[in-house]
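[1] sharing a sequence plus its predicted fold:
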Amino acid sequence: MTPVETTEIRPGYKISRVLKGGWQLAGGHAAIDREKAITEMEDYIRSGITTFDCADIYTGVEQMIGDFRRATIAAGKAELLAPLKVHTKCVPDLQKLKTLTRDQLQETIDRSLERLGLEQLNLVQFHWWDTAVPRYVEIASWLSEFQKEGKIDLLGTTNFNTDCMREMTDAGVRFASMQVQYSLLDNRSEKTLLPFCKANDIKILCYGTVAGGFLSDRWLGVAEPKEPLENRSLTKYKLIIDDMGGWDLFQALLSTLRRIADRHGVQVADVAMRAVLDWPQVSGIIVGVRHGGHLEAHARLFGLKLTDADRAEITAILGQKTALEGDVYDLERDQKGRHGRIMHYNLNEEKPAA
């Protein structure tokens, strides 16, 4: 099996270039076998996928990872955890943005530490629902203070646009990474965010790389689906497909990816992921999975080498897309718009601390 590629976010901080996503384990997608999900975490680490992505608002996921860590230590296999990096998120509830205190924020960080069973969080990615509430610089500064106190190793962000990133950076907050939706369907980050991140040594971690499963053989030649769709991911990414040119163009993209996949003996999703991994500023891609059956696909991914001809075909079909409006996450941040209306807010209210 081709080894999983790795990279360093900061000197000595190594991650696998495929990160095991946790959103699909949080409910709203399909039934979750909790014990199986925990057991399979060992399979991922042994396969070389040593970086897990989660969030304080992903219901139960921090606790699952923590239970896996505790069970592994109890079984006398603590060495297995040595390469594991767990990236979580700090996502204050929408209704609390105006009133959030430093003590409340510290309680959130302490809760993540307790759930995960860690003395220091590896990477905390900061998200802020409404930038019209201009406290994100203040909150980011508090997180930076917690970092200096030793509660956090590295700080990152997710879903901030370029102007907000510039404000926080100008205030002295130093971010190691930015998690952003970046895929063959959505390249909004290329407008201004990627140049900013390059200038400030902020590494790019991508989600949405397979668009919730749309960028796969399952959808090739399939009639356009009607609402309600199967899960939250498909609902979210179908809106992106609509905006980038519609179902016919999306089918043309899938057909292009299928031709390339045929030449390499792989699947459509493999080509979509490999193409993004090959983009200059991408450090890693976050692949959300509910079960361990994807490990074989990850093995194919790291043996796949796209040719210049392959990339030219992809570029040609992508040249027909309609550019998505705004900067990163601007569409989703509009709570009255098509993209913002489907978001779930105040998710910390839906579950108590472990």
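    That came through fine. Because the structure is a prediction, the values reported are computed rather than measured.

[2] C-alpha only now, for contacts and for neighbours.
    Will do.

[3] hey, which helix or strand in the chain has the poorest pLDDT?
    When the helices and strands of the chain are scored by mean pLDDT, DSSP states H and E, helix 295-303 comes last with a mean of 84.

[4] what's the first helix or strand after that helix?
    helix 308-318 (DSSP states H and E).

[5] just how off-centre is the helix or strand just after that following helix within its chain?
    The helix or strand immediately downstream of helix 308-318 is helix 330-333, counting by DSSP H and E. In this view, helix 330-333 has its centroid 16 Å away from the chain centroid, taken as C-alpha atoms, centre = their mean, to the nearest Å.

[6] quick one: residues in contact with helix 330-333.
    By C-alpha atoms under 8 Å, 6 or more residues apart in numbering, the surrounding residues in contact with helix 330-333 are 129-130, 161, 325, 337, 339-340, 343.

[7] kindly indicate the member of those residues with the most neighbours.
    Using other C-alpha atoms under 10 Å as the neighbour criterion, residue 129 leads the contacts of helix 330-333 with 22 neighbours.

[8] average pLDDT for the longest helix belonging to the chain?
    Using DSSP state H to define each element, the chain has its longest helix at helix 247-264. Mean per-residue pLDDT for helix 247-264: 98.

[9] show me the contacts for the nearest residue to residue 264 once chain neighbours are set aside.
    Nearest non-adjacent residue to residue 264, counting by C-alpha to C-alpha, 6 or more residues apart in numbering: residue 304, 7.3 Å away. Residue 304 makes contact with 264, 270-271, 274, according to C-alpha under 8 Å, 6+ apart.

[10] how close does the residue most central in space within the chain sit to residue 196?
    Centroid-nearest residue in the chain, with C-alpha atoms, centre = their mean: residue 207, separated by 3.7 Å. Taking C-alpha to C-alpha, to the nearest Å as the measure, residue 207 falls 19 Å from residue 196.

[11] re earlier: most surrounded residue in the contacts of residue 304?
    When neighbours are counted by other C-alpha under 10 Å, residue 271 leads the contacts of residue 304 with 27 neighbours.

[12] quick one, the least confident helix or strand of the chain and helix 247-264 angle?
    80 degrees (axes from the mean of the first three to the mean of the last three C-alpha atoms, to 10 degrees).

[13] and the contacts of residue 304, which of them are in helices?
    Among the contacts of residue 304, the members found in helices (DSSP H) are 264, 270-271, 274.

[14] residue contacts, residue 189?
    Residue 189 sits next to 180, 182, 327-328 when contact means C-alpha under 8 Å, 6+ apart.

[15] with residue 155 instead?
    Here residue 155 is in contact with 123-126, 143-144, 147, 174-177 (C-alpha under 8 Å, 6+ apart).
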